[in-house]
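Colleague: Here is my input, please return the structure:
(one chain, ligands or ions: 1)
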Amino acid sequence: MADLLFDFSKFSKFSNLTDISSSQVEKEEGASICPQKVMNQISVIKTVITIKTKDDFMAPRSPSRPPILSTNWDQRYDCDTCKLYELDLDDDINEKTWTCKACDEPVLITMEDDEGQYLVRRIPANQLKKNDWIYDGNNLGRSVRINDSSKAQIKNGDWYLALKDIGKRFVESSRYYNRIV
Ligand SMILES: [Zn+2]
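Modeller: As a prediction, this is how the structure comes out:
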């Protein structure tokens, strides 16, 4: 219990969690509620704090965290490897990797907004290559050339992208981008 309290005090920015924990512990000491229930509650809190800790404290400060790519403008999905067209997002596509379930190759995605149509494949940062073009996050109006793409030195698993006219970015290697076809 002392260890837990110590952990909480380290992460006092999560004031709501700290409040829950200390009030629950006080109740436990007064034996006014079931100790098992308290322990279950603390176990849940500890899990939440572990996740927060990993994301907010252990990861390097420099990686940028662009928003997850939106599917709002997606019009259709095709696999030119399998010659399968108008694939069904739920049935035919692995939505975690944006690949065709039949062949594991990235699907061709047709996107459309008021300005026009865009043909892309969704590719993680560590598969982007020099001279690839991507759209900058969800900004389909902004195409950006990749000047360099390599494993980052700052931490294993992180990825370095040099973007023309934008500059350096350290990103998660698994971060997906709309790569222009
Ligand atoms: Zn396929």
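
Colleague: Tell me if C82 really is in a strand.
Modeller: No. Under DSSP: H, G, I helix; E, B strand; the rest coil, C82 sits outside any strand and is assigned coil.

Colleague: begin at 429 from here
Modeller: Sure thing, new numbering starts at 429, so read that last one as C510.

Colleague: Would you confirm that it contacts K529?
Modeller: No. Using Cβ atoms under 8 Å, C510 is not in contact with K529; the gap is 9.7 Å. C-beta: built from backbone N, CA, C; applies to glycine.

Colleague: Let me see the domain layout of this protein.
Modeller: 430-486, 502-608 (automatic domain parsing).

Colleague: Contacts only, for L589.
Modeller: With contact set as Cβ atoms under 8 Å, 6 or more residues apart in numbering, L589 has these partners: A553, L556, I574, D576, S577, K596, R597, F598, V599.

Colleague: Please apply the same query to N575.
Modeller: Contacts of N575 by Cβ under 8 Å, 6+ apart are K558, A590, L591, K592.

Colleague: Show me what the mean pLDDT comes to for stretch 589-604.
Modeller: Throughout stretch 589-604, pLDDT has a mean value of 92.

Colleague: Show me what from the protein comes close to the ion.
Modeller: Applying Cβ under 5 Å from the ion, we find that the chain lies next to the ion at C507, T509, C510, C528, A530, C531.

Colleague: Please name the nearest non-neighbouring residue to the first one.
Modeller: Spelled out, that is C507. C528 (4.0 Å; Cβ to Cβ, 6 or more residues apart in numbering).

Colleague: so what's that neighbour bridging to?
Modeller: I521 (DSSP bridges).

Colleague: And for it, the neighbour number?
Modeller: By other Cβ atoms under 10 Å, 22 other residues sit near C528.

Colleague: quick one: it and Y513 touch, right?
Modeller: No. The pair C528 / Y513 is not scored as a contact, 11.2 Å apart, by Cβ under 8 Å.

Colleague: Overlap of the contact sets of the two?
Modeller: Joint contacts of C528 and Y513 (Cβ under 8 Å, 6+ apart) are C507.

Colleague: Name every strand pairing with the strand ranked longest in the chain and say which way it goes.
Modeller: Scanning the chain for the longest strand, with DSSP state E as the assignment, gives strand 567-579. Partners of strand 567-579 in the sheet, by DSSP bridges, are strand 561-564 (antiparallel), strand 586-591 (antiparallel).

Colleague: Kindly check the end-to-end length of stretch 507-517 for me.
Modeller: 12 Å (Cα to Cα, to the nearest Å).

Colleague: Could you say which of the strands paired with strand 567-579 is packed most deeply?
Modeller: Most buried of the strands paired with strand 567-579 by mean neighbour count (mean count of other Cβ atoms under 10 Å) is strand 586-591; its value is a mean of 19.

Colleague: nearest to the ion, of the contacts of N575?
Modeller: K558 (26.5 Å; Cβ to the ion).
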